[in-house]
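*Asks:* Need a 3D model of the sequence below.
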Amino acid sequence: MHRKISILGAGSWGTALAAVLNKNGHDVTIWSILPEEIEMLKNNHENKSKLPGVVLSEKIHFTSDLEESIKGKDILVFAVPSVYVRSTAKMAAPFITSGQIIVDVAKGIEEDTLLTMSEVIKAEIPKADIAVLSGPSHAEEVGREIPTTVVVGAKTFDTAKYIQDAFMNDTFRVYTSPDMIGIELGGSLKNVIALAAGISDGLGFGDNTKAALMTRGIAEITRLGVAVGGCLETFAGLSGMGDLIVTCTSRHSRNRKAGYLIGKGSTMQQAMDEVKMVVEGVYSAKAALALAKKYEISMPIVEQINAVLFEGKAAKETVIDLLSRSKKTEHEVLDWE
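*Replies:* Predicted coordinates:
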C-alpha cells in the first residue's frame, strides 16, 4: 500500500532507508537541517560523502523545511544521530498530529537522563505513536540491496505490522516485536562492545580475543537489558546478538574502526575525527556505565572501555585487567549436582 513517508536525517542510514522505501513504491521525502546537504542531494541524488555509490531515485523529494516534511505524512523516520534526537523532536513537535507514527532508527542512550531514544521522543512528542527499528543493518549494504533482516518494536501489533508492511521487501526482511526497550538497549550497548572489539584488533589480538569480547559482551548487555525491563529472547535475536556480530566484525562499522584506531594509539578524539561520522558507542559508553551502577549490574567490559575513553587508561592494560579478574563460573543460574 502506498504511504507518504519522511526521513528526518540525511546521513548514511537515512539515505539507505529512503532507497528501501522508494523501492517499495512509497512517496519518500528526506529532510536535513543543513540546507547545503539538501542542495547536494538535489543536485547529485547521491550522498557522496556518507553513502557513495548509492544513487537515489528522481522520485525522492528533498527539503530543509521541517513543517513540509512532517505534515500529512503516514510515517516519520527519525534517522538523525542519537545526540540530536531530542533537539529534532523539540523542533518537530509543533507539526506532529495525534497518533502520527514515528519510527526511531537512531541507536543510543541519552547521557544525562539515561533514556532510550524512543523515550526521549515520547518526552517531547507524547501524542505520537512511537516505534523503533533495529538490527544488523549497515547502510552501505542496505543501500545496495544486499539481503538484510531487522526487527521493528512497537507498543501495539497493529503499529508494528503497519511499519513491517511499509519497509519489508525481497531484500529487506522485517520482523516484529513488542519489546521496544530490549531492542533499543541491544542496539545501543553493542556499540560499546564494538569499540572493545576494535581496540582488540588494533592491539593485534586475534579471533579468540574478539570472540571472547563478543560473547562476554552479550552477557553484559543481557544482564543489564533484563534488569531494565527487556526480554531475554530479544538479546539472542537480531537487535542483540545479530547487531553485535555485524558491528564487531564489519569493515563498515564506525564503532569498530574507532576502537581499532584507539588500539593503534590514537586518542578518542583523534579516532572520532578520522572516522568522520558520529561514533555512537562513545556517547553510549558513559550512559551504559551509569545504568549498570543504577541497577547494580556487573559490566566489566563497559567499565574498561570507559576507562580508556575518559580516563586515559592504556588499551593494553584493560585486556590484562579483564583476564586477571577473580575466577568465576560462566552461568551463575546453572546448579552443580
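*Asks:* Would you mind listing where the protein has pLDDT under the threshold?
*Replies:* Residue ranges of the chain with pLDDT under 70: none are present.
*Asks:* List the residues that contact the residue nearest the centre of it.
*Replies:* Among the residues of the chain, K107 comes closest to the average C-alpha position under CA atoms, centre = their mean, at 2.8 Å. Applying CB atoms under 8 Å, 6 or more residues apart in numbering, we find K107 in contact with 82, 117, 134, 184, 187-188, 191, 280, 284. Quick note: C-beta positions are derived from backbone N, CA and C, even for glycine.
*Asks:* Distance check, D65 against V54.
*Replies:* Distance, D65 to V54, by CB to CB, to the nearest Å: 24 Å.
*Asks:* what do you get for G242?
*Replies:* 23 Å.
*Asks:* The host helix or strand of I305 packs against which elements?
*Replies:* Assigned by DSSP states H and E, I305 belongs to helix 300-311. The contact analysis (3 or more CB pairs under 8 Å, 6 or more residues apart in numbering; DSSP states H and E) places helix 300-311 against helix 180-202, helix 207-228, helix 268-275, helix 280-294, helix 315-323.
*Asks:* Can you show me the helices along the stretch 51-200 of the chain?
*Replies:* All helices of the stretch 51-200 of the chain, identified by DSSP state H, counting those that start in this stretch, fall at 66-70, 85-92, 117-124, 139-142, 157-167, 180-202.
*Asks:* any idea which of these is most buried?
*Replies:* With neighbours taken as mean count of other CB atoms under 10 Å, the helices of the stretch 51-200 of the chain reach their highest mean count in helix 180-202, at a mean of 29.
*Asks:* Distance from the chain centre to that helix, please.
*Replies:* Helix 180-202 sits 9 Å away from the centroid of its parent chain (CA atoms, centre = their mean, to the nearest Å).
*Asks:* Could you figure out how far that helix is turned away from helix 117-124?
*Replies:* Counting by axes from the mean of the first three to the mean of the last three CA atoms, to 10 degrees, helix 180-202 lies at 130 degrees to helix 117-124.
*Asks:* Alpha carbons of helix 180-202, as PDB, please.
*Replies:* C-alpha atoms of helix 180-202 as PDB (Å, rounded to 0.1, in the frame of the first residue of the first chain):
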ATOM      1  CA  MET A 180      10.900  -1.900  22.500                       C
ATOM      2  CA  ILE A 181      13.200  -1.400  25.500                       C
ATOM      3  CA  GLY A 182      15.100  -4.600  24.800                       C
ATOM      4  CA  ILE A 183      15.600  -3.700  21.100                       C
ATOM      5  CA  GLU A 184      16.900  -0.300  21.900                       C
ATOM      6  CA  LEU A 185      19.300  -1.400  24.600                       C
ATOM      7  CA  GLY A 186      20.700  -4.100  22.400                       C
ATOM      8  CA  GLY A 187      21.100  -1.600  19.600                       C
ATOM      9  CA  SER A 188      22.900   1.000  21.700                       C
ATOM     10  CA  LEU A 189      25.000  -1.200  24.000                       C
ATOM     11  CA  LYS A 190      26.500  -3.300  21.200                       C
ATOM     12  CA  ASN A 191      28.300  -0.100  20.000                       C
ATOM     13  CA  VAL A 192      30.300  -0.100  23.300                       C
ATOM     14  CA  ILE A 193      31.300  -3.700  22.800                       C
ATOM     15  CA  ALA A 194      32.200  -3.000  19.200                       C
ATOM     16  CA  LEU A 195      34.700  -0.300  20.400                       C
ATOM     17  CA  ALA A 196      36.300  -3.100  22.600                       C
ATOM     18  CA  ALA A 197      36.400  -5.400  19.600                       C
ATOM     19  CA  GLY A 198      38.100  -2.700  17.500                       C
ATOM     20  CA  ILE A 199      40.600  -2.000  20.200                       C
ATOM     21  CA  SER A 200      41.400  -5.700  20.400                       C
ATOM     22  CA  ASP A 201      42.100  -5.700  16.600                       C
ATOM     23  CA  GLY A 202      44.200  -2.500  16.900                       C
END
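*Asks:* wait, isn't K264 in contact with G204?
*Replies:* No - checked against CB atoms under 8 Å, the pair K264 and G204 is beyond contact range at 9.2 Å.
*Asks:* And those two? Which one has more around it.
*Replies:* K264 (16 against 10; other CB atoms under 10 Å).
*Asks:* The more buried one: what's it in contact with?
*Replies:* The contact partners of K264, by CB under 8 Å, 6+ apart, come to G202.
*Asks:* measure it to E274 for me?
*Replies:* From K264 over to E274 (counting by CB to CB), the distance is 10 Å.
*Asks:* Show me which residues of the helix or strand N22 falls within are buried.
*Replies:* Taking DSSP H and E as the definition, N22 sits inside helix 12-23. Within helix 12-23, the residues that qualify as buried are 12-22, counting by 16 or more other CB atoms under 10 Å.
*Asks:* Understood, closing this out.
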